[in-house]
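Chemist: Just to be clear, the model below is a prediction. Sequence and coordinates:
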Amino acid sequence: MELKSEEELLLPWNEVKFNKSELNTMAELSIIIPVYNVERYIRKCLDSIQQQSYADFELLLVDDGSQDESFFICQEYAQRDSRISVFQQHNQGPSAARNLGIRHARGNYISFIDADDYIMPTMFAELIHGMKESGSDLVISPMTVEYVYFKNKRMLRPELAFDGKISISKEHAAEILSLFETALINSPCARLYKASIIQDYDIKMPDGVHYAEDLIFNIEYLKYCRSVFILNQSLYYYTKKKEGSLTTSYRPQQFHSVNLAHDKALEYLLGSVGIQGELEPKAYYIFVPNTIISFINLFYKDCPLTRSEKLAYIRSILNDQKVMDKIDKAYKPGLLPQLYKTLLQTRRTRFVYYTCKLYRYYKLSLQDLSRRTS
């Protein structure tokens, strides 16, 4: 497949299909989808968007150098639907693809979807209604996780501690912190953003960050929000695959990204929101399980590091005084949180190594067993 020149990459592939007036027609909503090697899933995603009860949108598909039929499927849909524009770039990752979409978005609102997920027919109608009725700057719909690698698909539906409108203020600090504790603020998908905030403050997905980049984007956006609205229903289905996706592969810079994202979260929570008292240790605790997850990341099959290199990597983090200072300040009630914290505070490299290795093996074995017996 021949990639276009840099100038051509800035033009929708289906631009020749429309006259100038049609191209300048404003849609209320801009939907941005990064596309990379998702030929097995993208039709279901695009069909779910075309079946929306809300129709005043433009759909920006950004192919990130796919090597399968994904790009051609995008073209096929664009030829049938004048609301769809297709862009193409050399492989740079989902952040760069989303940023390209943001540059070309013309709607009053912006929403992101991953190309291997799908949505319910009323999602955008509900998101936009929630934003207009509440007067909020960000609307969040919780995701349902669909585990597609089981023989019989499993669904994990979210449980919300609260819903409705949350003002960004010290009075609602506990609710705002909960968005971070429950990872409800982590993803850009199933959200509705105001394009004016993104564009006026030049908010972008961060370059060079390949894990937690979505959280960093959302934190930057939250800085300019007066309130957030949480829908009480899940309208987005996130498909969890066993192999071949970013969520099931080794990430070399995972701890660096986690550490960076947590520093930015602390800056926002302690500074902009002003959390204090018993909430402050909870804000630090978010870092604890994410640090352990970054160690478990070392035991994916595609990790190229040797045993000695893995041990050295863990040791370097456990010996970092700034890291340990954050862990020492962390607290969350319950036996499991205390065990997680104690595991890191021991600074026993081999103990941490084998605990995380065992955890990774146990999770895989459990999943395999569930798949065989379902």
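Modeler: Here it is on my side, so go on. Numbering: from 1, shown residues only.
Chemist: Under the pLDDT cut-off, which ranges of the stretch 151-300 of the chain? List them.
Modeler: By pLDDT under 70, the low-scoring segments of the stretch 151-300 of the chain are 151-159, 242-248.
Chemist: ok, the closest residue to residue 217 other than its chain neighbours - contacts?
Modeler: Excluding its sequence neighbours, the residue lying closest to residue 217 (Cβ to Cβ, 6 or more residues apart in numbering) is residue 205, at 5.2 Å. All C-beta atoms are positioned from the backbone trio N, CA, C, and that covers glycine. Contacts for residue 205 were tallied using Cβ atoms under 8 Å, 6 or more residues apart in numbering; they are 94-96, 98-99, 213-214, 216-217.
Chemist: Would you mind listing the two of these that lie farthest apart?
Modeler: Taking Cβ to Cβ as the measure, these span a maximum distance of 14.4 Å, between 96 and 216.
Chemist: hang on, the earlier thing: give me the distance between the residue nearest to residue 217 and residue 79.
Modeler: 29 Å (Cβ to Cβ, to the nearest Å).
Chemist: What strand or helix carries residue 77?
Modeler: Secondary-structure element containing residue 77, defined by DSSP states H and E: helix 70-80.
Chemist: So which bits of that helix are buried?
Modeler: Using 16 or more other Cβ atoms under 10 Å as the burial criterion, the residues of helix 70-80 that qualify are 70-71, 73-75, 77-78.
Chemist: repeat for stretch 56-70
Modeler: Buried-residue list, stretch 56-70, by 16+ other Cβ under 10 Å: 57-66, 70.
Chemist: before we move on, the earlier item: now, the contacts of residue 205 that are in helices?
Modeler: Members of the contacts of residue 205 lying in helices (criterion: DSSP state H): 94-96, 98-99, 213-214, 216-217.
Chemist: hmm, back to that, would you agree the residue nearest to residue 217 falls within a strand?
Modeler: No. Looking at residue 205 with DSSP: H, G, I helix; E, B strand; the rest coil, it is coil, so not inside a strand.
Chemist: can you give me the strands in the stretch 151-300 of the chain?
Modeler: 154-156, 164-167, 191-194, 227-230, 236-240 (DSSP state E, counting those that start in this stretch).
Chemist: re the thing from before, so which two of the buried residues of helix 70-80 are the farthest from each other?
Modeler: 70 and 78 (12.8 Å).
Chemist: tell me the two of the buried residues of stretch 56-70 that are most distant?
Modeler: 57 and 65 (25.3 Å).
Chemist: List the contacts of the helix or strand containing residue 312.
Modeler: In this assignment (DSSP H and E), residue 312 forms part of helix 307-318. Identification of contacts with helix 307-318 by Cβ under 8 Å, 6+ apart yields 255, 291, 294-295, 298, 303, 305, 323-324, 344, 347, 349-350, 352-353.
Chemist: Can you name every helix or strand that the next helix or strand after that helix contacts?
Modeler: Once the chain leaves helix 307-318, the next helix or strand it forms, by DSSP H and E, is helix 321-329. Here helix 321-329 touches helix 279-285, helix 287-296, helix 335-345, going by 3 or more Cβ pairs under 8 Å, 6 or more residues apart in numbering; DSSP states H and E.
Chemist: Tell me which of the ones you listed approaches residue 90 most closely.
Modeler: helix 287-296 (28.6 Å).
Chemist: Next, count neighbours for the residue nearest to residue 94 when sequence neighbours are not counted.
Modeler: Sequence neighbours aside, residue 34 is the residue nearest to residue 94 in space, at 4.2 Å (criterion: Cβ to Cβ, 6+ apart). Residue 34 has 27 neighbours, counted by other Cβ atoms under 10 Å.
Chemist: Could I get the contacting residues of residue 34?
Modeler: 62, 64, 94, 97-98, 101, 114-115.
Chemist: Look up how far residue 341 lies from it.
Modeler: Relative to residue 341, and taking Cβ to Cβ, residue 34 is found at 36 Å.
Chemist: residues in contact with the spatially most central residue of the chain?
Modeler: For the chain, residue 187 is the residue whose C-alpha lies nearest the centre (Cα atoms, centre = their mean; 2.8 Å). Applying Cβ under 8 Å, 6+ apart to residue 187 gives the contacts 143, 214, 238.
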